[in-house]
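In: next come a sequence and a model predicted from it.
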Amino acid sequence: MAKNPSFSCAACGASFTKWSGRCDGCGEWNTITEDAGLSTGPGSKSLGSKRGATVTLTDLRAEETPPPRTQSSMGELDRVLGGGLVPASAILVGGDPGIGKSTLLLQAAAQFARGGLKTIYVSGEEASAQVRMRARRLDLTDAPVQLAAETNLRNILTTLESEAPGLAIIDSIQTMWLDTVDSAPGSVSQVRAAAHELTTFAKRKGVSVILVGHVTKDGQIAGPRVVEHMVDTVLYFEGERGHQFRILRAVKNRFGPADEIGVFEMTGAGLAEVTNPSALFLSERGEPSPGSVVFAGIEGTRPVLCELQALVAPSPHSQPRRTVVGWDGGRLAMILAVLEARCGIPFTGLDVYLNVAGGMKISEPAADLAVAAALLSAREDSALPADTVVFGEISLSGALRPAPQTENRLKEAQKLGFTSAIAPKGGKALGASGMKLNQMGDLTGFVGEVFGAG
Ligand code: TYD
Ligand code: MG
């Protein structure tokens, strides 16, 4: 019989039977804590011989109508939710403290409430007066949102049950506590138990719940990642503190496409929607300069253009630096290796810095060619023409692979005034776009043609 796991990782939620300093699941250090008095974990008793009831089975043909959705009239939020809020769904909104989660959700609450959806906003972090002050700053005082400042989940559930709202926002899940769980608020057991209560409540009573979760890198507060498995939708609110851009990213969505992003700008009066992110991300671009390349990317269902910046300089260190912001460090190492092995362009003895402008984070492999172009442009000290966008995946052999949605990327680039694109051979028919398209089969050809070397 399996032993009841009594330790779990705050970062990834993996369960263990004994404590260790490093989580085997995600590799994080010092994130494993003991679960005290876990009320909702797997049971420790065996099933025994008592029989359960028979479950009704259906076949796959059963017709399901798409879920009805409530729009918030914040277009960027609705987009990330997959077209609006689905009734009885549970949503987790995670993000660093101070990034703007409470601001976003108070604005969303006001919009849903103005649209006629009964909305309750429960703050466990701030007093009602503080929330009202923020509402005044955001000019939302007229919205019929009901506020509560409470952390006792039993009281909250009782209130939600009698009020029967359409939407309840819980800010944040780390402040909630259940009297049946014998550990401090914010511990993994409390967070997991509270999220379990709230998600089952959502399904049972047909109330949509949005849970706010703080993420901290050092694992001090139990990360909301243990909650990710329980909810229907996980959204992350990201951005650099120094930048005004904020990106709401769907990382899991049972009711819509994952990887969709919504873009906002933090202003003095709350979050403003950015309906044309490409224009925003490129707005700070100056004259064409070496190392700067515009990547025509796709985020979810929407094309987004952004600028990649590279700097390559002789290194004073025996171990040259490789620093990446907004992209994957492993992928950068791969591209440097391919440039060296297939095109004979070494980066040994050179420091390499790569930055995605505007605080964007890119995960698409289609950025490979734009990264290679930025690195080469920086290394050769030669700027690419200002009216050119670049995209395409690079394989280890140095071949270029076509990227999905070529047509969409080109259309967006054209809309923003670009006239030519460098892309892999073999993309879909591109007649209509009117862009000058320079298609290449491999990286060596690209290096030869664009930088006259190779
Ligand atoms: P907040 O929503 O409290 O963040 P979180 O809930 O994720 O911890 O937002 C905090 C920051 O946002 C704070 O530093 C102030 C800034 N802010 C603005 O710039 N403009 C605004 O209108 C508001 C309400 C906040
Ligand atoms: Mg907050």
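Out: Structure's in. What do you need? Ligands and ions are numbered 1, 2, ... in the order given.
In: got the phi and psi for S208?
Out: Dihedral angles of S208 (phi, psi; degrees, to the nearest 10) stand at phi -80, psi 140.
In: what number of residues lie near it?
Out: 24 (other Cβ atoms under 10 Å). C-beta coordinates here come from the backbone N, C-alpha and C atoms, glycine included.
In: and the pLDDT at it?
Out: S208 carries a pLDDT score of 96 in this model.
In: isn't it up against I91?
Out: Yes: using Cβ atoms under 8 Å, S208 is in contact with I91, at 7.2 Å.
In: list residues touching both of these two?
Out: Residues touching both S208 and I91 (Cβ atoms under 8 Å, 6 or more residues apart in numbering): L85.
In: now the stretch 301-450 of the chain, which segments are flagged as low pLDDT?
Out: 427-433 (pLDDT under 70).
In: please report the number of neighbouring residues for the residue of it at minimum distance from ligand 1.
Out: Closest residue of the stretch 301-450 of the chain to ligand 1, Cβ to the nearest ligand atom: G359 (14.7 Å). Using other Cβ under 10 Å, G359 is surrounded by 20 other residues.
In: try the one 3 residues further on
Out: By the criterion of other Cβ under 10 Å, I362 has 20 neighbours.
In: V226 now?
Out: By other Cβ under 10 Å, neighbour count at V226 equals 24.
In: wait, is it part of a helix?
Out: Yes: using DSSP: H, G, I helix; E, B strand; the rest coil, the assignment for V226 is a helix.
In: how is the chain divided into domains?
Out: Domain assignment for the chain, taken from automatic domain parsing, gives 1-35, 75-275, 280-451.
In: of all those domains, which one comes closest to T54?
Out: domain 75-275 (21.5 Å; Cβ to Cβ).
In: just the terminal-to-terminal distance for that closest one.
Out: 8 Å (Cα to Cα, to the nearest Å).
In: begin at 166, not 1, for the rest of this chat.
Out: All right, first residue 166 from here; so that's domain 240-440.
In: that domain vs ligand 1: in contact?
Out: Yes: using Cβ under 6 Å from any ligand atom, domain 240-440 reaches ligand 1 at 260, 262-268, 299, 302-303, 431, 433-435.
In: so which of those residues is the closest to G599?
Out: Nearest member of the residues of domain 240-440 next to ligand 1 to G599, counting by Cβ to Cβ, is M431, at 36.4 Å.
In: helix/strand/coil for that closest one?
Out: strand.
In: burial count for it?
Out: Residues lying near M431 (other Cβ under 10 Å) number 18.
In: quick one on the thing from earlier: pull the most distant pair out of the residues of domain 240-440 next to ligand 1.
Out: So, the residues of domain 240-440 next to ligand 1 by Cβ to Cβ: farthest apart are P262 and A434, at 21.2 Å.
In: relative to ligand 1, how far out is the residue of the chain most remote from its centre?
Out: Largest separation from the mean C-alpha position in the chain: S214, at 45.6 Å (Cα atoms, centre = their mean). Distance, S214 to ligand 1, by Cβ to the nearest ligand atom, to the nearest Å: 51 Å.
In: tell me the contacts of that residue?
Out: Here S214 is in contact with no residue (Cβ under 8 Å, 6+ apart).
In: ramachandran angles for T584?
Out: According to degrees, to the nearest 10, T584 has phi -120, psi -10.
In: from V459, how far out is the closest residue to it other than its chain neighbours?
Out: Sequence neighbours aside, D552 is the residue nearest to T584 in space, at 4.5 Å (criterion: Cβ to Cβ, 6 or more residues apart in numbering). D552 sits 9 Å away from V459, going by Cβ to Cβ, to the nearest Å.
In: of the two, who's got more company?
Out: Neighbour comparison, D552 and V459: the larger count goes to V459, with 29 against 16 (by other Cβ under 10 Å).
In: for the more buried one, which non-adjacent residue is spatially closest?
Out: V554 (4.8 Å).
In: what's opposite the one you found in the beta bridge?
Out: V459, A586 (DSSP bridges).
In: looking at it, it is touching K576, isn't it?
Out: No: contact criterion Cβ under 8 Å: V554 and K576 do not qualify, at 11.3 Å.
In: give me the more crowded residue out of those two.
Out: Neighbour count, other Cβ under 10 Å: between V554 and K576, V554 has more, with 25 against 18.
In: who's in contact with the more buried one?
Out: By Cβ under 8 Å, 6+ apart, the neighbours of V554 are 459-461, 470, 574, 578, 583, 585-587.
In: kindly report the same for A360.
Out: Here A360 is in contact with 257, 338, 376, 389, 391-392, 395-396 (criterion: Cβ under 8 Å, 6+ apart).
In: what distance separates the start and the end of stretch 276-295?
Out: Note: stretch 276-295 ends 19 Å apart using Cα to Cα.
In: what do you get for stretch 242-253?
Out: 17 Å.
In: mind listing residues that contact it?
Out: 232-237, 256, 269, 273, 277, 282, 331-332, 367-368, 370-373, 397-398, 400, 413-415, 418, 420-422, 425-427, 465, 467.
In: make it 6 Å
Out: 232, 234-237, 273, 367-368, 371, 373, 400, 413, 415, 418, 420-421, 425, 427 (Cβ atoms under 6 Å, 6 or more residues apart in numbering).
In: quick check: closest non-adjacent residue to G249.
Out: Nearest to G249 is R234, by Cβ to Cβ, 6+ apart, at 3.1 Å.
In: and what of L501?
Out: F512 (5.0 Å).
In: you'd agree the one you found is in a helix?
Out: No: in this structure, F512 is coil, not part of a helix, as judged by three-state DSSP.
In: wait, isn't it in contact with I500?
Out: No: using Cβ atoms under 6 Å, F512 is not in contact with I500, being 9.8 Å away.
In: for those two, indicate the residue with more neighbours.
Out: More crowded of F512 and I500, by other Cβ under 10 Å: I500, with 22 against 18.
In: what mean pLDDT does stretch 260-269 have?
Out: On average, stretch 260-269 scores 92.
In: buried residues in that stretch?
Out: 260-261, 264-269 (16 or more other Cβ atoms under 10 Å).
In: for that stretch, output the C-alpha coordinates as PDB.
Out: C-alpha atoms of stretch 260-269 as PDB (Å, rounded to 0.1, in the frame of the first residue of the first chain):
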ATOM      1  CA  GLY A 260       2.400  37.000 -11.300                       C
ATOM      2  CA  ASP A 261       5.100  38.700  -9.300                       C
ATOM      3  CA  PRO A 262       4.000  40.900  -6.400                       C
ATOM      4  CA  GLY A 263       3.500  44.500  -7.500                       C
ATOM      5  CA  ILE A 264       3.100  43.600 -11.200                       C
ATOM      6  CA  GLY A 265      -0.500  44.800 -11.300                       C
ATOM      7  CA  LYS A 266      -2.700  41.800 -10.600                       C
ATOM      8  CA  SER A 267      -5.000  43.500  -8.100                       C
ATOM      9  CA  THR A 268      -5.300  46.500 -10.500                       C
ATOM     10  CA  LEU A 269      -6.200  44.300 -13.400                       C
END
